[in-house]
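**Student:** just need the structure, nothing else, for what follows:
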Amino acid sequence: MTKSEARYWGAQLSPTGLAKAVTGGKYQRPPHIRLFDALAVQIEQGKLRRLVVNVPPQHGKSEFWSKYFCAWYLGRHPDRKIIMSTYADSYAQSWSREARNILTEHGQEFYGLQVASDSSAVDWWKVRGNAGGMAAVGTGGQATGKGAHVFVCDDPVKGPEDAMSPTMQRRNVDWYRSVATTRLQPNGAIVVIQTRWDRDDLTGKLLNPAEFPDADTWTVISLPALALPGDLLGRQPGAALWPERYGLAELEEKRIALGSRWFEALYQQNPTDPQTGIFKREWFPIIEREAVPAEGRLVRYWDLAHSKADKHNADPDWTEGGLVKFHAGVWYVLDFKSIRDTALAVERLIQYTALEDSAAVPIRIEQEPSAGKSLMEHYRMRVLPGYDFQPITSKGSKVVEAAPVAAAAEAGNVRLVRGTWNAALLDQLERFPLGAHDDKVDVLSGAFRFLSARRTLESFVV
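**Tutor:** Prediction:
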């Protein structure tokens with residue numbers, strides 16, 4: 001068999017055969033990708049109609065399913081249609097472009113076909129002279145007038161905010177029911193490819209019999225980064241999924257950076273109950289002030305509340321202000337100020353604390369996303385003139401915002417300076433997110449965000 005014949009038959013055989021052919025043999029086929037290959041052939045042959053694939057980030061799932069599988073399937077069946085969706089139109093279209101380009105460049109050589117020049121946009125392109133083609137839509141978008149023999153849903157949520165939002169969770173389920181299933185041709189297949197974020201993400205919903213009576217019809221391929229007993233690929237417990245790309249040392253770095261909760265979800269495909277605590281008291285050793293280094297960056301971060309306890313509100317929120325230092329990878333919580341009083345009393349405490357800290361310490365105050373601009377301007381002009389003051393708007397959920405604090409603490413990189421405020425802070429951390437108050441946790445999250453110019457959680461994994 002000549003080299004060109006081998007390339008031709010490889011491209012006919014499977015998606016990875018096509019991938020090897022178009023990359024000059026450079027495409028890698030670790031065991032989990034070979035498993036994908038076998039599943040793809042079953043889908044093409046009509047033997048598999050419902051498939052969920054849960055794999056850690058950056059382990060080749062989108063490249064295989066959204067690029068090579070789609071191009072291969074249409075090459076084999078140019079009269080069939082694929083709808084491919086991801087969390088955003090633009091991301092879906094980028095994968096559609098990749099699949100289209102393969103058939104544009106190699107379709108004639110391997111399958112005797114070409115992409116139609118008059119219908120080649122990345123959101124909808126067709127095979128010349130045939131009925132088949134590929135549409136790309138964002139999750140939640142419409143696919144009006146388009147059917148699918150295969151519906152590929154790849155990464156239906158962008159990140160933790162959407163994954164943990166009950167509103168977005170319900171939207172994704174409604175979209176799946178009203179769009180994904182209604183676009184499917186008779187005996188068509190649906191493939192859901194997802195890194196897990198939350199128990200109630202789309203994978204969790206689809207596999208919940210209370211949500212979908214046909215939950216048991218799905219074939220589920222869940223591949224943790226570190227093998228567990230009974231691994232689908234026959235790995236020994238603790239073995240890496242793709243050691244040539246992510247070895248044990250790198251995965252341990254990921255675990256430390258993300259903390260156990262997010263590592264279990266994203267890399268082990270085992271999201272825990274978000275209503276369980278994310279902090280442990282023993283993660284926060286108490287040290288003497290003399291042990292704090294002189295060097296480091298500082299911030300006094302405030303979370304405001306303007307109310308006193310009374311007969312109408314016996315337990316209102318507190319105004320909290322934490323002084324945090326960061327040096328050499330370690331976070332030092334130096335002080336906490338707390339007050340539950342009138343707006344004027346809060347202003348006076350903040351002024352007094354700024355004077356006590358010195359003008360060299362930046363001051364940041366949490367601003368409510370939908371309001372608070374006039375209040376922040378009041379603080380800038382009237383309360384803290386001459387200080388390095390800025391309001392900061394929090395955009396994430398409280399649990400997500402607290403994730404870097406939890407990861408640093410679990411890794412042993414957070415210290416509390418001994419003070420009368422220690423017990424109250426530890427109590428609130430231990431109860432978070434179920435406790436009655438979370439103001440102190442919000443302060444730590446904001447201080448961490450400011451001092452580290454923190455990347456979003458998604459940046460660790462995409």
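**Student:** so where do the strands sit in the stretch 51-200 of the chain?
**Tutor:** Counting by DSSP state E, counting those that start in this stretch, the segments of the stretch 51-200 of the chain that form strands are 81-86, 115-121, 124-127, 133-138, 148-154, 184-194.
**Student:** average model confidence for the second one?
**Tutor:** With pLDDT averaged residue by residue, strand 115-121 scores 84.
**Student:** partners of that strand in the sheet?
**Tutor:** Its sheet considered, strand 115-121 pairs with strand 124-127 (antiparallel) by DSSP bridges.
**Student:** so what's the gap between the strand it pairs with and the chain middle?
**Tutor:** Distance of strand 124-127 from the chain centroid (CA atoms, centre = their mean, to the nearest Å) equals 31 Å.
**Student:** send the alpha carbons of that strand over as CSV?
**Tutor:** Provided in CSV are the C-alpha atoms of strand 124-127 (Å, rounded to 0.1, in the frame of the first residue of the first chain):
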residue,chain,number,x,y,z
TRP,A,124,-23.9,27.2,8.1
TRP,A,125,-22.1,25.5,5.2
LYS,A,126,-23.0,22.8,2.8
VAL,A,127,-21.4,20.0,0.8
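**Student:** for it, buried residues please.
**Tutor:** For strand 124-127, burial by neighbour count (16 or more other CB atoms under 10 Å) applies to 124-127. To be clear about C-beta, it is placed using only N, CA and C from the backbone, and glycine gets the same treatment.
**Student:** columns distance to residue 366 and pLDDT on top of those, output as TSV?
**Tutor:** As requested, these are exported to TSV (distance: CB to CB, whole Å; pLDDT from 0 to 100):
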residue	distance to residue 366	pLDDT
124	45	91
125	47	94
126	52	95
127	54	95
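**Student:** which of those residues lies closest to residue 416?
**Tutor:** residue 124 (57.2 Å; CB to CB).
**Student:** quickly list what the residue nearest to that closest one when sequence neighbours are not counted is bridged to.
**Tutor:** Leaving aside its chain neighbours, residue 124 sits nearest to residue 135 (4.8 Å; criterion: CB to CB, 6 or more residues apart in numbering). Note on residue 135: beta-bridge partners residue 83, residue 124, judged by DSSP bridges.
**Student:** from residue 192, how far off is residue 135?
**Tutor:** The gap separating residue 135 from residue 192 is 17 Å, by CB to CB, to the nearest Å.
**Student:** so what's the residue count around the residue lying closest to residue 49 once chain neighbours are set aside?
**Tutor:** In this structure, residue 49 finds its nearest non-sequential neighbour in residue 189, 4.7 Å apart by CB to CB, 6+ apart. For residue 189, the neighbour count with other CB atoms under 10 Å is 22.
**Student:** wait, what's in contact with residue 189?
**Tutor:** Neighbour list for residue 189: 43, 46, 48-51, 149-151 [criterion: CB atoms under 8 Å, 6 or more residues apart in numbering].
**Student:** recalculate using a threshold of 6 Å.
**Tutor:** 43, 49, 150 (CB atoms under 6 Å, 6 or more residues apart in numbering).
**Student:** what's the answer for residue 207, then?
**Tutor:** Each residue near residue 207 by CB under 6 Å, 6+ apart is listed here: residue 215.
**Student:** state the pLDDT value of it.
**Tutor:** 94.
**Student:** one step back: are any of the contacts of residue 189 buried, and which?
**Tutor:** Using 16+ other CB under 10 Å, the buried ones in the contacts of residue 189 are 43, 49, 150.
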